[in-house]
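[1] for reference, the sequence and a predicted model appear below.
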Amino acid sequence: METTTTNKQVKPVEAPKKKSKGFIIVLALLIILGGWFGISKYVHGQHHEETDDAQVDAGISPVIPRVSGYVKEIRVKDNQQVKKGDTLVVLDDRDLRLKVEQTEAALLTAKSNLGAARATTSAASANIGTSRANVSTAEAQIEVAKINLGRASQDFERYANLIKDHSITQQQYDQALAAKQTAERQLQVLQQQRNQAAQQTTAVASQSSATSQQIGVASAIIRQREVDVEDAKLNLSYTVITAPADGLVSKVNVQPGQFLQAGQGLFSVVLNQDVWVVANFKETQFNKMKIGQKVVVHVDAYPDHDFEATLTSFSPATGARFALLPPDNASGNFVKVVQRLPVKIEFSKKDPLLKQLRPGMNVNVDVHLD
């Protein structure tokens, strides 16, 4: 009985010693592990800058109609892969086709007016030649009439002297006087004809000048009508809305028969030619970051895959500067807030998984400072 009692007294004394040693060992291991973890994090932090405020980005091209019209046909579906130039939406083009025919008819009318103006100009040129010829003929006849008048005047003066001494008869004197008067009258008639021909030439020249101006106006109108035809054809081509580039179509929220306004946003095409990462680093992390540094990107969708990338550019301002309502530290109470600066990171090589990345995916970014 004494032996049993002794054993019972020994066990309670030895148990605390074993527990104390185990606790010390566990505590020591925790301290060693914690120290190792802290030192490794410190060393890693000296050569790396990390952030989880980053997302995948890509080009997004909006699909916008350039002309108004009713939707005739929709040839794409949500999330469909399209190539550049593929037809997405077709608008009803009947109104615009009529517009093209109307402008073409106006062009033909303008060309017809130009032809008429040129014909009138040709006729006026011919009339000018005829009028100038008439003036020349009248001037030549006037010269002949002046010669006849001079001869008749000399004969009359001679007969006037002869009749005084009765060397000629009265009949001869009267004939000389009649010849002189006839020559004077004929000269007056020819001078009047010459003046009328000159006035007619001036009038025809003015008409020709006006017609030439009409030709210039008609030519300008033709050019304007040609532009109208080109504009109408261009608007007609806009009734077929095509894909601006290769990519994936977003949600198509358009229905057949719907009226679309020019400039109205329909849906978007997410371009799949290239993707990149936009990471928002704190301003306190920029002292060692440089363009060209190696970056490792971990996408939440593929946590076990390392995407190799390169830091390519820094934003010219912090994200707050581009906000709709940027903060104004000059008003109200100032509270210092650490700002973030967007950084563009481009993938270094063509990884097969890059095709699976979508804009907006969350990523973790690790910039190697060395």
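    Thanks, I have the structure now.
[2] so where's this structure uncertain?
    Counting by pLDDT under 70, the chain shows low-confidence ranges at 1-19, 42-45, 118-135, 138, 155, 166-167, 173, 197-198, 200-213.
[3] check it for its longest helix and report it.
    helix 94-164 (DSSP state H).
[4] and it, what does it pack against?
    Applying 3 or more Cβ pairs under 8 Å, 6 or more residues apart in numbering; DSSP states H and E, we find helix 94-164 packed against helix 170-237. Where you see a C-beta, it was placed from the backbone N, CA and C, and this is true even at glycine.
[5] next structured bit after the helix it packs on?
    Note on helix 170-237: by DSSP states H and E, the next helix or strand toward the C-terminus is strand 240-242.
[6] packing partners of that following strand?
    Judged by 3+ Cβ pairs under 8 Å, 6+ apart, strand 240-242 is in contact with strand 87-91.
[7] pull up the pairing partners for the strand it packs on, direction included.
    strand 69-74 (antiparallel), strand 240-242 (antiparallel) (DSSP bridges).
[8] report the angle between the axes of it and helix 170-237?
    130 degrees (axes from the mean of the first three to the mean of the last three Cα atoms, to 10 degrees).
[9] contact partners for the closest residue to Ala262 other than its chain neighbours?
    Distance criterion Cβ to Cβ, 6 or more residues apart in numbering; nearest residue to Ala262, sequence neighbours excluded, is Ser68 at 4.9 Å. Going by Cβ atoms under 8 Å, 6 or more residues apart in numbering, Ser68 touches Phe259, Leu260, Gln261, Ala262.
[10] of all the strands paired with strand 87-91, which lies closest to Gln193?
    Closest approach to Gln193 among those (Cβ to Cβ): strand 69-74, 69.6 Å.
[11] end-to-end on stretch 292-305?
    Start-to-end span of stretch 292-305 (Cα to Cα, to the nearest Å) is 22 Å.
[12] which residues does it contact?
    Contacts of stretch 292-305 (Cβ under 8 Å, 6+ apart): 54, 56, 277, 306-312, 345, 347-348, 353, 356-357, 361-369.
[13] shouldn't Ile142 be in contact with Gln188?
    No. Contact criterion Cβ atoms under 8 Å: Ile142 and Gln188 do not qualify, at 9.9 Å.
[14] higher neighbour count, these two?
    Ile142 (18 against 13; other Cβ atoms under 10 Å).
[15] so how far is Gly150 from that one?
    13 Å (Cβ to Cβ, to the nearest Å).
[16] over to Thr239?
    Taken as Cβ to Cβ, the span from Thr239 to Gly150 is 86 Å.
[17] neighbour-wise, which of those two wins?
    Thr239 (20 against 12).
[18] just checking, the more buried one touches Val90?
    Yes. Applying Cβ under 8 Å, one finds Thr239 in contact with Val90, separated by 6.7 Å.
[19] can you redo the contacts of Ser68 as a markdown table with secondary structure?
    What follows is the contacts of Ser68, written out as a markdown table (DSSP: H, G, I helix; E, B strand; the rest coil):
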| residue | secondary structure |
| --- | --- |
| Phe259 | strand |
| Leu260 | strand |
| Gln261 | coil |
| Ala262 | coil |
